[in-house]
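Engineer: Quick one, what's the 3D model for this:
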Amino acid sequence: MIRLIDTTLLGELNAEAAASPRRRRNHNFHSADDHPAHRLLNAIEPGSYVAPHRHLETAKDETMLVLKGRLGLVIFDDGGGVVQTVVLAATGDVRGVDIPHDTWHSLVALETGTVFFETKAGPYRALTVEERAPWAPAENDGAAAKYLRQLEQHFC
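Structural biologist: As a prediction, the model looks like this:
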């Protein structure tokens, strides 16, 4: 069965993200977590904190393409210093990115209703301790909101 990526699907996903405590929601096209190719839509709203992380497996390069809205990409060095920021926008000069494995990164929603398409190799594996940035707060940490505001300042 084919599945269309249309304005109805994007709108439904945006509404679910806005209603979610995490301010984001994904829509998987792959059939299961153990599928070898993960393909999904991610809707993300301003205020959603994506903790800096990396994927250490050599097959876990990650490609993202913004379909709607604007997304800030932050790349870090091993000590947590910001080495690059890029605005990805559905109607901008830069619309997507291919992030090599072992690259520290985070995302910041810059516009309500942002949706991006993501693909990377499966199977799904939760991030390991080595893949979570030791210099950044975890998603459920009380310091996460302040850290997110610092990341957002790179795009003002």
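Engineer: For the rest of this, base every contact and every neighbour count on C-alpha atoms.
Structural biologist: Fine.
Engineer: Please confirm that residue 83 is located within a strand.
Structural biologist: Yes: remark: residue 83 belongs to a strand, assigned using DSSP: H, G, I helix; E, B strand; the rest coil.
Engineer: Was I right to think it contacts residue 103?
Structural biologist: No: contact criterion Cα atoms under 8 Å: residue 83 and residue 103 do not qualify, at 11.0 Å.
Engineer: quick one, which of the two is more surrounded?
Structural biologist: residue 103 (19 against 10; other Cα atoms under 10 Å).
Engineer: For this protein, which segments count as helices?
Structural biologist: 7-19, 144-152 (DSSP state H).
Engineer: Give me the buried positions along the first one.
Structural biologist: By that I understand helix 7-19. 10, 13, 14, 15, 16, 17, 18 (16 or more other Cα atoms under 10 Å).
Engineer: helices or strands next to that helix in the packing?
Structural biologist: Secondary-structure packing of helix 7-19 (3 or more Cα pairs under 8 Å, 6 or more residues apart in numbering; DSSP states H and E): strand 24-28, strand 37-44, strand 114-121.
Engineer: Looking at the buried residues of helix 7-19, spot the one nearest residue 68.
Structural biologist: Of all those, residue 68 sits closest to residue 10, with 8.3 Å by Cα to Cα.
Engineer: May I have the beta-bridge partners of the closest residue to the closest one other than its chain neighbours?
Structural biologist: Excluding the flanking residues, the one nearest residue 10 by Cα to Cα, 6 or more residues apart in numbering is residue 115, at 7.1 Å. Note on residue 115: beta-bridge partners residue 43, residue 68, judged by DSSP bridges.
Engineer: Residue 115 is in contact with residue 67, isn't it?
Structural biologist: Yes: counting by Cα under 8 Å, residue 115 does reach residue 67; the two are 5.7 Å apart.
Engineer: Among these two, which residue is more densely surrounded?
Structural biologist: residue 115 (30 against 21).
Engineer: now that one: how far from residue 24?
Structural biologist: 9 Å (Cα to Cα, to the nearest Å).
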